[in-house]
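Student: what's the 3D shape of this:
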Amino acid sequence: MDLSAYDFALPSERIAVHPPPERDGGRMLVLGDRTRHAVVPDVVDLLQPGDVLVVNDTRVLHARLRARRATGGAVEVFVLGEDRAMLRPARRLKVGEHLQVDDAGTVELLEKDDEGWRVRFHPSAQALMDAVGEVPLPPYLERSATETDRERYQTVFAEHPGAVAAPTAGLHLTEALLRRLRDKGVQVVTITLHVGAGTFRNLRAEDLERGELHPERYVVTEETARVVNACTGRVVAVGTTVTRTLESAVDADGVLVAGGGVTRLFLQEGARFRRVDALLTNFHLPRSSLLMLVCAFAGRERVLAAYDEAIRDGYRFYSYGDAMLVLPGRGYGWARPARGAEPAAR
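Tutor: Have a look, this model is predicted:
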């Protein structure tokens, strides 16, 4: 696979460094038989009674810690779990070192591997995050988190802690907008997928060869499975995390199965989408698995043409950027995603 097929030039001024003044104040490019320009609240008019909107209720951990070596050198500790972390800069760090995290505790370095470091947190990872943890903004924003980010880099439906990055398509939605959708007859249900640190990592040759991504934990509740399986309209996934969860938890007959699991699903061109009929998403980084998923869903040439139009028209890109709503079928210009084949990988 040639990743250059998923490349595009993005002027730096198109990267949204800060969220819009209002949570639902972003623009929204609607991709159907043609592209149309709208705003996020217009999603209420574009969805229909009988549709089901599925959101990810993971909660972002305050996973970034500021630490110092015994020599005084600063180290950023990115918590990945109770015994895992990414460290930066890491070149001179040694096994056995203890990094001091303010007055809250320490991080003991146990072993380095390809995925980062195995560590021991004192008193615990959660205690350190609760005491001095910062919102883990994506590195391309090139700024420190603010008090505003503590609220705005979290969805209004965030409930279950475990993610190290936000499911950013959900950042556009407000309680008032969700209430309007429910009043219209659109059901809103949740899944949980804890976004892992692999979302910040560039795709590697071995990822492409294996056809798998980094593992991420998910849960589908009995209620969500029941509502999705009974859906008489469209199943609308809010973001790539919801899409991967729904397509990972579907059985051979296309039925969404309740329960928990770990997904490595890498949705690429040629994949069959068996539970997702429409997609609300952000504008993603070039050469990323997220962009590849959207291209698999709506067609690479169509999506990249829409990206070009969005760049020309001044849309804001990435986590705090504007939205794109993809609505295949139902009178739009191409058939709804096909169902009936197994996803490419689990």
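Student: care to break the protein down by domain?
Tutor: As recorded under automatic domain parsing, the domains making up the chain are 3-60+148-326, 64-133.
Student: so how far is the shortest one from its chain's centroid?
Tutor: On the basis of Cα atoms, centre = their mean, to the nearest Å, domain 64-133 is displaced by 25 Å from the centre of the chain it belongs to.
Student: repeat for the first one
Tutor: Taking Cα atoms, centre = their mean, one finds the center of domain 3-60+148-326 at 7 Å from the center of the full chain.
Student: ends of it, how far apart?
Tutor: In terms of Cα to Cα, to the nearest Å, the two terminal residues of domain 3-60+148-326 are separated by 23 Å.
Student: what residue ranges in the stretch 101-250 of the chain score low on pLDDT?
Tutor: 200-201 (pLDDT under 70).
Student: check what pLDDT the closest residue to residue 300 other than its chain neighbours gets.
Tutor: Closest residue in space to residue 300, ignoring its immediate chain neighbours: residue 269 at 6.2 Å, by Cβ to Cβ, 6 or more residues apart in numbering. Placement of C-beta: from N, CA and C, glycine included. The model reports residue 269 with a pLDDT of 90.
Student: how close does residue 269 sit to residue 301?
Tutor: When Cβ to Cβ, to the nearest Å is the yardstick, residue 269 and residue 301 sit 11 Å from each other.
Student: what about residue 275, which SS state?
Tutor: coil (DSSP: H, G, I helix; E, B strand; the rest coil).
Student: with residue 319 instead?
Tutor: Classified using three-state DSSP, residue 319 is coil.
Student: from residue 172, how far out is it?
Tutor: Using Cβ to Cβ, we find residue 319 at a distance of 11 Å from residue 172.
Student: neighbour-wise, which of the two wins?
Tutor: Each of residue 319 and residue 172 has its neighbours counted (other Cβ atoms under 10 Å); residue 172 has more, 27 against 22.
Student: surely that one meets residue 22?
Tutor: No: checked against Cβ atoms under 8 Å, the pair residue 172 and residue 22 is beyond contact range at 10.0 Å.
Student: look at residue 339 and report its pLDDT.
Tutor: At residue 339, the model reports a pLDDT of 50.
Student: swap in residue 98?
Tutor: Looking at residue 98, its pLDDT reads 97.
Student: ok, what's across the strand from it?
Tutor: Assessed by DSSP bridges, residue 98 has beta-bridge partners residue 108.
Student: isn't it right up against residue 70?
Tutor: Yes: using Cβ under 8 Å, residue 98 makes contact with residue 70 at a distance of 7.3 Å.
Student: helix, strand, or coil at residue 246?
Tutor: Recorded secondary structure, residue 246: helix (three-state DSSP).
Student: typo on my end, it should be residue 131
Tutor: Assigned with three-state DSSP, residue 131 falls in the helix class.
Student: swap in residue 179?
Tutor: Following three-state DSSP, we place residue 179 in the helix state.
Student: please apply the same query to residue 217.
Tutor: Three-state assignment for residue 217 (three-state DSSP): strand.
Student: wait, what's in contact with the residue nearest to residue 5 when sequence neighbours are not counted?
Tutor: Nearest residue to residue 5, sequence neighbours excluded (Cβ to Cβ, 6+ apart): residue 300, at 6.7 Å. Counting by Cβ atoms under 8 Å, 6 or more residues apart in numbering, residue 300 touches 5-6, 269.
Student: looking at these, which one is closest to residue 294?
Tutor: Nearest to residue 294 among the contacts of residue 300: residue 6, at 9.8 Å, using Cβ to Cβ.
Student: the closest one against residue 287, yeah?
Tutor: Yes: between residue 6 and residue 287 there is a contact at 5.3 Å, judged by Cβ under 8 Å.
Student: now the lengthiest helix in the chain: average pLDDT?
Tutor: Secondary structure of the chain per DSSP state H: the longest helix is helix 300-312. Confidence for helix 300-312, expressed as mean pLDDT, is 96.
Student: identify each buried residue in that helix, please.
Tutor: Buried residues in helix 300-312, counting neighbours by 16 or more other Cβ atoms under 10 Å, are found at 300, 302-304, 306-307, 310-311.
Student: any idea how far residue 77 is from residue 122?
Tutor: The spacing between residue 77 and residue 122, counted by Cβ to Cβ, is 12 Å.
Student: which of those two has more neighbours?
Tutor: Shown here are residue 77 and residue 122; by other Cβ under 10 Å, residue 77 has more neighbours (23 against 15).
Student: picking up where we left off before, most tightly packed of the domains of the chain?
Tutor: Ranked by mean neighbour count under mean count of other Cβ atoms under 10 Å, those are led by domain 3-60+148-326, which reaches a mean of 19.
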